[in-house]
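Peer 1: sequence below, structure please.
(2 chains)
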2 protein chains.
Amino acid sequence: MRELIVDLGDRSYPIYIGEGLLKGASSYLLKHGISKKSPLLIITDAQVASIHLQPFEAELQAAGFRTASAVVPNGESSKSLSMLESLVTKALEAGLDRKSAIVALGGGVVGDLAGFVAASYMRGIKFVQVPTTILAHDSSVGGKVAVNHPNAKNIIGAFHQPELVLYDLQTLQTLPPREVKAGLSEVVKHGLIWDERFVDWCEEHADKLLALDPDSLGYALFKGCSVKAEVVSRDERENGLRATLNLGHTIGHALEAVAGYNELLHGEAISIGMIGSAKLGLRYGASDEVYEVTKRVLAKCGLPVRLPEHFDTDVVMEAMMHDKKFMEGTMVFIVPTAIGKVEIKPDVPVQWVREIVDELKREGDQQ
Amino acid sequence: MRELIVDLGDRSYPIYIGEGLLKGASSYLLKHGISKKSPLLIITDAQVASIHLQPFEAELQAAGFRTASAVVPNGESSKSLSMLESLVTKALEAGLDRKSAIVALGGGVVGDLAGFVAASYMRGIKFVQVPTTILAHDSSVGGKVAVNHPNAKNIIGAFHQPELVLYDLQTLQTLPPREVKAGLSEVVKHGLIWDERFVDWCEEHADKLLALDPDSLGYALFKGCSVKAEVVSRDERENGLRATLNLGHTIGHALEAVAGYNELLHGEAISIGMIGSAKLGLRYGASDEVYEVTKRVLAKCGLPVRLPEHFDTDVVMEAMMHDKKFMEGTMVFIVPTAIGKVEIKPDVPVQWVREIVDELKREGDQQ
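Peer 2: Model prediction:
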C-alpha cells in the first residue's frame, strides 16, 4: 500500500493506493472524520455500479454507515446542471446534512460531478474520492470539480478538496483496454511537465502498464499523483504553476468539444493535444528530441498521436476560443522546453495554433 | 460617506455606504483591482434595470470598461439552476475570462444569483456587489451566495466574497414602502443578536427609517453591516457563531417555502420567525422583556408579528424538516437570551416548535 499527502495546509488530505482497499473502506472513512451520524450519498455510474456498488455499500453499512446511492449514466453528458439538480434532490431525500459526505465511486466524470455536488450542496459538505479508473488519478488530486455547459466544458465548478482518496487497484482490473490507454495519457503528462526520469520509466514500463501489472500500475499512479500534488500544493488556485497541468488540454478540450460521441476519450484528445504542444515547443526552440520522445512514449502507451483528417480546423479553432485559458485576448499555451520541463507562453500567435492543428492531421506522413 | 472593512484575511473587502456613489462607480472598481482589460457582466433585475442600469453602465463604459448586462425577472424564482445556465451562456458570449468580474446590481436575489455565477463560472471569478435594497445589506456581507432547488431554498451555493460593496443610498429612495419595511427586518435582527443599544436606536428611529431619512438609513446600514461583518470575520464558514445570524430564519424560511406567491417577503417571514424565536426564548428562561422588546421594535418598523391563520402547522413543520439547519436528527434554533444576546440551542424539542407555530397564529389575541 502506498500513501501520499496532498499538502494544502488545513485542506491537506491523503491518497491511499493499494490492492483491495475497498474491503476496508469504512475504517479509512472513520479515520478521516466521516461521521456515521449523518447519511452518506454514494454517486457512481451505471458501469461501475454493476461491479462495485453493492459490495462497497454493504461494507459501509456493515460498519454502521447510513448510505444512499445515485447511479448516473456513463459518460460526459452526466456532467450537467440538470444532473446536479437531480442529485441534490436525492441528497435532500436521503436527509444529507452539513456533516454528511458525498462519495464519488468512479472515474473522472463521476468525480467531477459528485465533487461539484459536494462543493455546492449546503454551500459545501465533505467529499470522498474512490477512483476506479487510471484517468481519475488526475482528477483525484487538486480539488477541481465541475459540470459542463452546453457551450463549454468544465465551465461551472469549484475548488473543493476531498477528505481522502481511496484508490483500490483491483477496481482497475476490469477496465476496457481503450480506457487503460486513455488513462495513461495523464500519467505520461505528469512526467512530461515535471520529471524526465519518470517519462523514461513510462516508456520502459508501457507494456506492463497496458497489461495492468499491479506493481507497475501502483507506482505509476503514485508518481502521477505525486507530481500533481506537488504542483497543486504550490499553487492551489491556479495563479501560475498549476496551469502547467493543462499541457495538451487547450487543443485537447477543443477536440473533445468537436468530436462525435465516443470518437475521442479525454486521454486520447489530450494525447493529440500534447503532440500539438510539442510541435509548438519546436517553434519556441525546443530540441527535436523533446518532440520525438513525447511522441514515442505516447505511442508506446497505445495513444493516438495524429488527428483524424475529418476534423475541420476552423471548427476546432472556434471551439478553442471558448476555452477558459483564452485570457484577455491572447492565447495561453503550455509549451515543453525539455523533457520534464514546460513553460507558460501567454501570447502564442493564433496563426501558429491553426497551422499546428492542420499539421496534426498529417502527423506521421513526413517524419 | 461611511466605509467599513469586512475582515477576512486575504479575502477582506470594503463596504462603501453613501449618497451618489454610483456616479463614481468606475473609480471604486479600479481602486479595488477590477480590470478594464476583461469584460464585466452586470446582472440585475427588471425593476432595478429600468431605473439604474443605463446610467450605471454608461458611467463604467465612459471610464473604459467593457460591459455586458443581463436582466433577470424580479423575484426569488430567478434563483434557479436554469437561470444560472442562461447567465453562464451570457458570460461566455460576452467573452468573460478568469480576470473578469460579475457585478450584482440589485437586491438580495440578484446578489445571491450573481454571486453564485461568479463563484462557479470558471471555478470562481471576481464579484462586485452594488446593493439597491435595504435587505441586501445583509446578503452583501459574508459571501453566502446560492440558488434554490425546487424543494429547498439556498441549498445550492458557495461562500464567495466580493472584491467590494458599493452601497448608494440614493438607490433606496425608489423602494416601495413594503420593501423598506421588509428590509428593516434584518437590520433589527443584527441588533437583536449583538447590540442592545442598536435595538433601542432602531426603535427610536423607526419613523425616520420608514421615511427613508438618508442619515438614519446610512447609520442603520452601517451598523447592520458592521454587526454582520464582525460575526462573519470571526466565523466565515459557519462553524459556530455565524449560525446566530440565522435568528428567525428556521421558521422564516419554512414560512416562505409554504407561502403563496408574494404573500410573505423574506423580511416579513423573518420577522414572524424572530417572534417565534423570542417565544422559544421564554421557554428557555429569558425574561418577558426580551420577547416584548422584540415584538415592539419589529412592529414599529411596520413588520408583521403574527402568522396568518391559514398557514397549516403540519405543512410548515414539514418544510422546516428540509431546512439545512436540521442537523443529525436534532432541531437547531437560535434563541434570544437577552436583548442583543442569543444562544445556539442544538436540541430543541420538535413539539415546542410545533406549539410555537400554532401560537404565532394567535399572536396578539391574549397579550
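Peer 1: domains for chain A, by residue range?
Peer 2: The domain map for chain A lists A:2-174, A:177-360, with the assignment taken from automatic domain parsing.
Peer 1: burial count for residue A:115?
Peer 2: The burial count assigned to residue A:115 is 28, neighbours taken as other Cβ atoms under 10 Å in any protein chain shown. (C-beta placed from N, C-alpha, C; glycine too.)
Peer 1: would you agree it is in contact with residue A:161?
Peer 2: No. Counting by Cβ atoms under 8 Å, residue A:161 is not a contact partner of residue A:115; they are 9.2 Å apart.
Peer 1: between these two, what contacts are shared?
Peer 2: A:127, A:143 (Cβ atoms under 8 Å, 6 or more residues apart in numbering or on different chains).
Peer 1: on that earlier part again, to residue B:81, which of the domains of chain A lies closest?
Peer 2: Residue B:81 lies closest to domain A:2-174 among the domains of chain A, at 4.7 Å (Cβ to Cβ).
Peer 1: could you check the helix or strand residue A:181 falls within and say which residues are buried?
Peer 2: Of the helices and strands defined by DSSP states H and E, residue A:181 is found in helix A:177-194. Buried residues in helix A:177-194, counted by 16 or more other Cβ atoms under 10 Å in any protein chain shown: A:179-194.
Peer 1: show me what that helix is packed against.
Peer 2: helix A:136-139, helix A:196-210, helix A:214-234, helix A:266-283, helix A:288-300, strand A:330-338, strand A:341-348 (3 or more Cβ pairs under 8 Å, 6 or more residues apart in numbering or on different chains; DSSP states H and E).
Peer 1: go again using 6 Å as the cut-off
Peer 2: Judged by 3 or more Cβ pairs under 6 Å, 6 or more residues apart in numbering or on different chains; DSSP states H and E, the packing partners of helix A:177-194 are helix A:196-210, helix A:214-234, helix A:266-283.
Peer 1: can you give me the offset of stretch A:358-367 from its chain's centre?
Peer 2: Here stretch A:358-367 is found 27 Å from its chain centre; the criterion is Cα atoms, centre = their mean, to the nearest Å.
Peer 1: hmm, who's touching it?
Peer 2: When contacts are taken as Cβ atoms under 6 Å, 6 or more residues apart in numbering or on different chains, the neighbours of stretch A:358-367 outside the stretch itself are A:276, A:305, A:306, A:307, A:309, A:313.
Peer 1: can you give me the helices for the stretch 1-150 of chain A?
Peer 2: Defined through DSSP state H, counting those that start in this stretch, the helices belonging to the stretch 1-150 of chain A, from first to last, are A:25-31, A:46-48, A:54-62, A:81-93, A:108-120, A:136-139.
Peer 1: looking at those, which one has the lowest mean pLDDT?
Peer 2: Set side by side, the helices of the stretch 1-150 of chain A show their lowest mean pLDDT on helix A:136-139, which sits at a mean of 90.
Peer 1: any residues touching it, and which ones?
Peer 2: Everything outside helix A:136-139 that qualifies as a contact, by Cβ under 6 Å, 6+ apart, is A:107, A:108, A:111, A:186, A:221, A:224, A:225.
Peer 1: the first one reaches residue A:134, doesn't it?
Peer 2: Think residue A:107. No. With the criterion set as Cβ atoms under 6 Å, residue A:107 and residue A:134 do not qualify as a contacting pair; they are 8.8 Å apart.
Peer 1: about what we covered before: now neighbour count too, for the contacts of stretch A:358-367, in JSON lines please.
Peer 2: Written out in JSON lines, the entries for these read as follows (neighbours: other Cβ atoms under 10 Å in any protein chain shown):
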{"residue": "A:276", "neighbour count": "25"}
{"residue": "A:305", "neighbour count": "19"}
{"residue": "A:306", "neighbour count": "17"}
{"residue": "A:307", "neighbour count": "26"}
{"residue": "A:309", "neighbour count": "9"}
{"residue": "A:313", "neighbour count": "16"}
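Peer 1: inside helices: which ones of these?
Peer 2: Within those, membership in helices is found for A:276, A:313, as judged by DSSP state H.
Peer 1: next to chain B, which bits of chain A? Give me the list.
Peer 2: Where chain A comes near chain B, counting by Cβ under 6 Å from any Cβ of the partner chain, the residues are A:37-38, A:81, A:85, A:88, A:92, A:97-98, A:120, A:122-123, A:149, A:151-152, A:156-159, A:324, A:327-328.
Peer 1: try it again with 7 Å
Peer 2: Contact residues (Cβ under 7 Å from any Cβ of the partner chain) of chain A with chain B: A:37-38, A:81, A:84-85, A:88-89, A:92, A:97-99, A:120-124, A:144, A:146, A:149, A:151-152, A:155-159, A:322, A:324, A:326-328.
Peer 1: filter these to the buried ones?
Peer 2: When neighbours are counted using 16+ other Cβ under 10 Å, the residues of chain A next to chain B contain these buried positions: A:38, A:81, A:84-85, A:88-89, A:92, A:97-99, A:120-124, A:144, A:146, A:149, A:152, A:155-159, A:322, A:324, A:326-327.
Peer 1: re earlier: CA atoms of the helix holding residue A:181 as CSV?
Peer 2: Backbone C-alpha positions of helix A:177-194 (Å, rounded to 0.1, in the frame of the first residue of the first chain) are rendered in CSV as follows:
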residue,chain,number,x,y,z
PRO,A,177,-8.3,-1.7,-22.8
ARG,A,178,-9.2,1.6,-24.5
GLU,A,179,-9.7,3.2,-21.2
VAL,A,180,-6.5,1.9,-19.8
LYS,A,181,-4.6,3.5,-22.7
ALA,A,182,-6.5,6.8,-22.4
GLY,A,183,-5.8,6.8,-18.6
LEU,A,184,-2.1,6.6,-19.2
SER,A,185,-2.2,9.8,-21.1
GLU,A,186,-2.4,12.0,-17.9
VAL,A,187,0.2,9.7,-16.3
VAL,A,188,2.6,10.5,-19.0
LYS,A,189,1.6,14.2,-18.9
HIS,A,190,2.7,14.4,-15.3
GLY,A,191,6.1,13.1,-16.4
LEU,A,192,6.4,15.4,-19.3
ILE,A,193,5.8,18.6,-17.2
TRP,A,194,7.9,17.6,-14.2
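Peer 1: where does pLDDT dip in the stretch 101-250 of chain A?
Peer 2: When residues are selected by pLDDT under 70, none of them lie in the stretch 101-250 of chain A.
Peer 1: spatially nearest residue to residue A:68, not counting backbone neighbours?
Peer 2: Nearest in space to residue A:68, with sequence neighbours left out and distances taken as Cβ to Cβ, 6 or more residues apart in numbering or on different chains, is residue A:94 at 3.6 Å.
Peer 1: number of residues surrounding the one you found?
Peer 2: Neighbour count for residue A:94, taken as other Cβ under 10 Å: 17.
Peer 1: who touches it in this structure?
Peer 2: Applying Cβ atoms under 7 Å, 6 or more residues apart in numbering or on different chains, we find residue A:94 in contact with A:39, A:41, A:68.
Peer 1: name the nearest of the buried residues of helix A:177-194 relative to chain B.
Peer 2: The shortest separation between chain B and any of the buried residues of helix A:177-194 is 18.8 Å, and it belongs to residue A:186 (by Cβ to the nearest Cβ).
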